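*Asks:* what shape does this take:
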Amino acid sequence: MKQTVEIRSYNLKPGSRERFGRIAAETVMPMLVRWGTEVVRHGASEHDQDSYFLIRAYANLEDRQQRQDAFYGSDEWKLGPRESVLELIESFTSLVLELDSATIAGLRGESKQEGEEQA
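*Replies:* Predicted coordinates for the structure are as follows:
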C-alpha cells in the first residue's frame, strides 16, 4: 500500500533547536495525532545545529490538504503553540512523494521482524 508522505525541513533561528524540539515533542506532535495526522518521525537533523525535520504520512494528496487545512485552521493551533513555533523558524520547505509501507516503516526506524525476507 502506498501513502503520500511529506518531509518537511525547518531552518531554525540560531540556537533555537532545543526549544523548538521541546515544543514539537510535548505539544505539536500530540496535537497532530489528535487531529488524525500520522506522524512518521520528527527530530533534529544531523547535518547542522539549526535544522529540524518532520515526516507525516497521508492517504493521498487530498487527505494531506484536508488534514492540514483543518489542523492549521483550528483554534487549538492558532491560539495554542502557533506563535511560539513560528518565531523560531527562519524558513521551511516540504517535499511530498508517494512511498510504500516498507519504506515508511524504515523512516520510522522500524526494523524487519526476525524471519522476514529482506527486499
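
*Asks:* only C-alpha atoms from now on, for both contacts and neighbour counts.
*Replies:* Noted.

*Asks:* strands along the protein, start to end?
*Replies:* Counting by DSSP state E, one finds strands in the chain at the ranges 2-12, 38-44, 51-58, 89-100.

*Asks:* tell me the strands beside the second one, with direction?
*Replies:* It stands for strand 38-44. strand 51-58 (antiparallel) (DSSP bridges).

*Asks:* next: the last one.
*Replies:* Sheet partners assigned to strand 89-100 using DSSP bridges are listed as strand 2-12 (antiparallel).

*Asks:* still on that earlier bit, got a markdown table for the strands of the chain, with distance to E83, mean neighbour count and mean pLDDT too?
*Replies:* Listed next are the strands of the chain as a markdown table, based on distance: least, C-alpha to C-alpha, whole Å; neighbours: other C-alpha atoms under 10 Å; pLDDT from 0 to 100:
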| stretch | distance to E83 | mean neighbour count | mean pLDDT |
| --- | --- | --- | --- |
| strand 2-12 | 14 | 19 | 98 |
| strand 38-44 | 20 | 18 | 97 |
| strand 51-58 | 17 | 21 | 98 |
| strand 89-100 | 10 | 14 | 97 |
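
*Asks:* a markdown table for those, including distance to G73?
*Replies:* Below are the strands of the chain laid out as a markdown table (distance: least, C-alpha to C-alpha, whole Å):
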| stretch | distance to G73 |
| --- | --- |
| strand 2-12 | 19 |
| strand 38-44 | 18 |
| strand 51-58 | 18 |
| strand 89-100 | 19 |
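
*Asks:* of these, which is nearest T27?
*Replies:* T27 lies closest to strand 38-44 among the strands of the chain, at 13.0 Å (C-alpha to C-alpha).

*Asks:* CA-only coordinates of that closest one in CSV, if you can.
*Replies:* Provided in CSV are the C-alpha atoms of strand 38-44 (Å, rounded to 0.1, in the frame of the first residue of the first chain):
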residue,chain,number,x,y,z
GLU,A,38,0.2,10.1,11.0
VAL,A,39,3.5,11.4,12.4
VAL,A,40,6.1,9.1,11.0
ARG,A,41,9.1,10.7,12.6
HIS,A,42,10.5,14.1,13.7
GLY,A,43,13.7,15.4,15.3
ALA,A,44,16.9,17.2,15.0
